[in-house]
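> Structure, please.
(2 chains)
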Number of protein chains: 2
Amino acid sequence: MAYRTISRSVLLGIAALLAGDAGAADKKAEKELPPKPSVGEVLKGAKPGDWRPLDLENTLYLELPSGRVVIELAPSFAPNHVANIKALAREHYYDGLAIIRSQDNFVVQWGDPHEDDDQVRKVKAAKMTLPAEFTVPLSNDKHFVRMRDVDGFAPQVGHSGGFPVGRDPKAGRTWLTHCYGMVGVARGNESDSGGGTSLYVVTGQAPRQLDRNITVVGRVVAGMPLLSTLPRGPAPMGFYDKPELQVPITAVKVAADVPEAERIRLEVLRTESATYQAVLDAQRKRGGPWNKYSPDYLDLCNAQIPVREQK
Amino acid sequence: MAYRTISRSVLLGIAALLAGDAGAADKKAEKELPPKPSVGEVLKGAKPGDWRPLDLENTLYLELPSGRVVIELAPSFAPNHVANIKALAREHYYDGLAIIRSQDNFVVQWGDPHEDDDQVRKVKAAKMTLPAEFTVPLSNDKHFVRMRDVDGFAPQVGHSGGFPVGRDPKAGRTWLTHCYGMVGVARGNESDSGGGTSLYVVTGQAPRQLDRNITVVGRVVAGMPLLSTLPRGPAPMGFYDKPELQVPITAVKVAADVPEAERIRLEVLRTESATYQAVLDAQRKRGGPWNKYSPDYLDLCNAQIPVREQK
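Numbering: from 1, shown residues only, chains lettered A, B, ... in the order given. Below is the predicted model:
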């Protein structure tokens, strides 16, 4: 199996100290970086208590013809929107709607293709719109662990309960950040014009300029490829301009409502654990033999947040 | 067309001054940001001389069954690898090879699936491996324009001749950075074990930890969706573990060798132009009515480098 050797020999390297560049042009001797534990090796040392199961009451299953996307909701960061999205799911608002947009290096979005015509889907007890929750008070967040790495978009960044977070201590506000796989609430020009009837998932380079401009409600923890590989829409902004391009949504369900045998049991590494700090460090400081240079830096949106099937 | 209204009403907003958060929790009045020109509006004011055509001698066409991917090579940043890749293309080394890997939120890679067996493809005049060109002297780069934005991975970042660049003035080195769409040279553990027979393209969040660890040779300027939507490989690191999953490469051609009628005529905004600085500023400082908060910051890998068909 030839590609296997390529697999082993090529590219990746999650495993430091600064060393000289290895370019042919610099003639100095190449210093090898000392080996460092990789993320995989760090995780082997995790204790069972370092992992927490998903809270079924705050987990959504987005059921597509191609399979299931699992979303962890973040009620601490968007309490009203999370409650409304669960209400929408429970009144079957989303079932039969569609993915209406896939824009390369940006987002996939779903919602009601008939939003503006007389076939528009009506809500029952849930709300169409809600006051914005772009940021919340610091007191909402009990689990923030700061990263030491500089960030251009926020005074402080780190993780909280399995989510990437920005915060501004002076303003007393915290918010979820637009990293790959994060789920946000589409809105119009008015801050309060979204409510969760249309949601999007980041599928490209983190569009952090959306931070503090949109209510972010959670993160895809499984099934990203079902969204990220969708054909890009031909219309501006990646919209599917023909109904036959749209991907039907079979259902959106709250995991707690799904019979136990049909659930996927996932657990997330506790981002407040010491093990998670070691995971961050394994990505920040990289070792040989593959790495020739270690950045000694980790970008918030490159920091992996490990998820695995429960044992 | 309902989705059109969603399209207009939702999400994006490329168009600055800091304003208050708009969260329901903060009860202060929402300040509207003043309108700002969008990237599209800035580009409408570009002069013809702000655009430059691709240099056909340094443009590759990666021909796939699904269409053409256009790659601009960067000879200033990897002179020996660029020359070798062109030599490989001209001796038809790549034709009939395959895309062997697609890893979600990371890279697509192509090369010889038979790299390690007796059907391995042989080079003729081109080389299998070359001394690394992870970084080059500052003197190689005549067109660097620095961004004022802080970056965690490099002392300085900016653009040069249409490419995103990092540089370390103290070390006297410059290098291309691993932003979305950048093309690099796969290698083994040894710095000098790559030569361009296997190349990869970034399809996810910028893996900047690879900067200064790999020779980067160019950028995809058209056709990214043909790569970014490829099914993710089921084997570790996204490898296609069955030959039938691999995507055949019809051919890789130097654009100068392609009959004129079969060429795509593209031009890139000169990153050393004042117009490009205005493009960066339009992304850095965002205006209303959609934006409620402007980051006043732009990440290197979020900075668009406009490409269009020649008029």
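
> pLDDT below threshold where in chain A?
A:1-30 (pLDDT under 70).

> got the domain boundaries for it?
Residue ranges for the domains of chain A, per automatic domain parsing: A:2-51+A:277-309, A:53-268.

> May I see those arranged in a markdown table, with mean neighbour count and distance to chain B as well?
Bear in mind the C-beta positions are built from the backbone N, C-alpha and C, glycine included. Shown next, in a markdown table, are the domains of chain A (neighbours: other C-beta atoms under 10 Å in any protein chain shown; distance: least, C-beta to the nearest C-beta, whole Å):
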| stretch | mean neighbour count | distance to chain B |
| --- | --- | --- |
| domain A:2-51+A:277-309 | 18 | 3 |
| domain A:53-268 | 20 | 3 |
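
> Now render the ones you listed as TSV, adding distance to B:P155.
Shown next, in TSV, are the domains of chain A (distance: least, C-beta to C-beta, whole Å):
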stretch	distance to B:P155
domain A:2-51+A:277-309	11
domain A:53-268	12
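
> ok now stretch A:128-147, how far from the chain's centre?
Mean C-alpha position of stretch A:128-147 versus that of the full chain (C-alpha atoms, centre = their mean, to the nearest Å) differs by 16 Å.

> how about the nearest residue to A:P53, chain neighbours excluded?
Nearest residue to A:P53, sequence neighbours excluded (C-beta to C-beta, 6 or more residues apart in numbering or on different chains): A:E267, at 4.8 Å.

> ranges for the strands of the stretch 51-200 of chain A?
A:51-53, A:59-64, A:67-73, A:98-102, A:107-111, A:136-137, A:145-146, A:156-160, A:163-168, A:173-176, A:182-185, A:199-202 (DSSP state E, counting those that start in this stretch).

> Using TSV, please lay out these together with distance to B:K253.
Shown next, in TSV, are the strands of the stretch 51-200 of chain A (distance: least, C-beta to C-beta, whole Å):
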stretch	distance to B:K253
strand A:51-53	50
strand A:59-64	38
strand A:67-73	37
strand A:98-102	29
strand A:107-111	33
strand A:136-137	54
strand A:145-146	50
strand A:156-160	44
strand A:163-168	42
strand A:173-176	45
strand A:182-185	39
strand A:199-202	34
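
> I'd like to know which of the ones you listed lies nearest to B:P243.
Closest approach to B:P243 among the strands of the stretch 51-200 of chain A is made by strand A:67-73 (24.1 Å; C-beta to C-beta).

> who does the closest one pair up with?
strand A:59-64 (antiparallel), strand A:216-222 (antiparallel) (DSSP bridges).

> chain center to it, what's the gap?
That offset, for strand A:67-73, works out to 11 Å (C-alpha atoms, centre = their mean).

> Please work out the angle formed by the directions of that strand and strand A:107-111.
90 degrees (axes from the mean of the first three to the mean of the last three C-alpha atoms, to 10 degrees).

> Need the residues that contact strand A:67-73.
A:54-55, A:58-62, A:82, A:85-86, A:162-163, A:183, A:217-224, A:226-227, A:255, A:264, A:266, A:268 (C-beta atoms under 8 Å, 6 or more residues apart in numbering or on different chains).

> go with 7 Å
If you take C-beta atoms under 7 Å, 6 or more residues apart in numbering or on different chains as the criterion, strand A:67-73 is touched by A:54, A:58-62, A:82, A:85, A:162, A:183, A:217-223, A:226-227, A:264, A:266.

> now do stretch A:146-161
For stretch A:146-161, contacts defined as C-beta under 7 Å, 6+ apart pick out A:74, A:76, A:141, A:143-145, A:165-169, A:208, A:211, A:271, A:280, A:297-300, A:305, B:149-150, B:152, B:295, B:297, B:299.

> Quick check: chain neighbours aside, which residue is closest to A:A89?
A:A89 sits nearest to A:V252 (C-beta to C-beta, 6+ apart), 4.6 Å away.

> Which strand or helix spans that neighbour?
In this structure, A:V252 is located in strand A:251-254 according to DSSP states H and E.

> If you count contacts, what does that strand end up packed against?
The contact analysis (3 or more C-beta pairs under 7 Å, 6 or more residues apart in numbering or on different chains; DSSP states H and E) places strand A:251-254 against strand A:59-64, helix A:79-90.

> now what about that strand, what contacts it?
A:57, A:60-63, A:86, A:89-90, A:94-95.

> any idea how far it is from the chain center?
18 Å.

> who does the helix or strand following it pair up with?
Going down the chain from strand A:251-254, the next helix or strand is strand A:266-269, by DSSP H and E. Using DSSP bridges, the strands paired with strand A:266-269 in its sheet are strand A:51-53 (antiparallel), strand A:307-309 (antiparallel).

> Surely A:V220 and A:C179 touch.
No - using C-beta atoms under 7 Å, A:V220 makes no contact with A:C179, being 10.6 Å away.
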